[in-house]
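In: based on what follows, work out the 3D shape:
(chains A and B)
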Amino acid sequence: ILNVEQSPQSLHVQEGDSTNFTCSFPSSNFYALHWYRWETAKSPEALFVMTLNGDEKKKGRISATLNTKEGYSYLYIKGSQPEDSATYLCAFENYGGSQGNLIFGKGTKLSVKP
Amino acid sequence: DTGVSQDPRHKITKRGQNVTFRCDPISEHNRLYWYRQTLGQGPEFLTYFQNEAQLEKSRLLSDRFSAERPKGSFSTLEIQRTEQGDSAMYLCASSSTETNQPQHFGDGTRLSIL
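Out: From the prediction side, this is the model:
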């Protein structure tokens, strides 16, 4: 059974704080690692698709790194804003497995207080 | 680009009834996915289409569940003889066939079984 773990489960920060979360995934048969942001009452929004070991991607104040050999990815948010409040999901896509069958973690719920 | 749309947004029904949900993917996307998310969990893969062909079904998809994509455009997911455990958010996503592309999600259909 392929398992994707995210930590912490939830996080409360003040506006302006920088924060990061972890996604752990199987290190074998890696194909891609996806990050999504899911705000309440909206659809999950794709942030990054990461494929290469050592990849680092950035979108505004949000960035992510990838280590496929040890099976983890970090998501960083610099200078958190209240609008960053959401659940952040990572999803593992394995090579040779089901095409596009994403295996999601349970998410990290971020709350940013003004 | 109107995004992925799902209908209805909410469905409340009595145990034992049949329900059907609809998903309209992004028009140029060949691939369409169904996921289910229950409280405290990440989305779980149910099934996947490429054009009109259903290429994979999860073991989560019991005989009471059936999905179709008759013309390779919109898709329907039907649940027969609903049970309490079917209460969940049902998410649809679509993607192109290009490699390393994200899946784009709809807002989901929240099903509540009384």
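
In: C-alpha only now, for contacts and for neighbours.
Out: Fine.

In: low-confidence stretches in chain A?
Out: A:1, A:96-99 (pLDDT under 70).

In: residue boundaries of the strands in it?
Out: Ranges of strands in chain A, per DSSP state E, are A:5-7, A:10-14, A:19-24, A:30-38, A:45-50, A:56-59, A:62-67, A:72-77, A:86-94, A:103-104, A:108-113.

In: can you list the residues of chain B near chain A?
Out: Proximity of chain B to chain A, by C-alpha under 8 Å from any C-alpha of the partner chain, involves residues B:40-45, B:48, B:56, B:100-108.

In: among these, which are located in strands?
Out: Counted as lying in strands by DSSP E, out of the residues of chain B next to chain A, are B:Glu44, B:Phe45, B:Tyr48, B:Glu56, B:His104, B:Phe105.

In: min pLDDT across the residues you listed, which one?
Out: Among those, B:Glu56 carries the lowest pLDDT, at 88.

In: report the beta-bridge partners for that one.
Out: For B:Glu56, the beta-bridge assignment (DSSP bridges) gives partners B:Tyr48.

In: ok, it touching B:Gln50?
Out: No - contact between B:Glu56 and B:Gln50 fails when scored by C-alpha atoms under 8 Å: they sit 9.6 Å apart.

In: out of the two, which sits in the more crowded spot?
Out: The residue with more neighbours, out of B:Glu56 and B:Gln50, is B:Gln50; 21 against 16, by other C-alpha atoms under 10 Å in any protein chain shown.

In: how much space between that one and B:Asp24?
Out: 14 Å (C-alpha to C-alpha, to the nearest Å).

In: go on, A:Lys42?
Out: Taking C-alpha to C-alpha, one finds A:Lys42 at 16 Å from B:Asp24.

In: one step back: of the residues of chain B next to chain A, grab the buried ones for ChimeraX.
Out: In ChimeraX, this line selects whichever of those come out buried by 16 or more other C-alpha atoms under 10 Å in any protein chain shown:
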select /B:42,43,44,45,48,56,100,101,102,103,104,105,106,107,108
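
In: and chain A, which residues reach chain B?
Out: Those residues of chain A that sit near chain B, judged by C-alpha under 8 Å from any C-alpha, are A:32, A:34, A:41-46, A:48-51, A:89, A:98, A:101-107.

In: ok, back up a step: please dump the strands of chain A into a markdown table; it should also carry distance to B:Tyr33 and mean neighbour count for every row.
Out: As requested, these are exported to a markdown table (distance: least, C-alpha to C-alpha, whole Å; neighbours: other C-alpha atoms under 10 Å in any protein chain shown):
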| stretch | distance to B:Tyr33 | mean neighbour count |
| --- | --- | --- |
| strand A:5-7 | 22 | 20 |
| strand A:10-14 | 28 | 15 |
| strand A:19-24 | 23 | 20 |
| strand A:30-38 | 15 | 22 |
| strand A:45-50 | 15 | 21 |
| strand A:56-59 | 26 | 14 |
| strand A:62-67 | 25 | 20 |
| strand A:72-77 | 24 | 20 |
| strand A:86-94 | 14 | 24 |
| strand A:103-104 | 13 | 24 |
| strand A:108-113 | 23 | 20 |
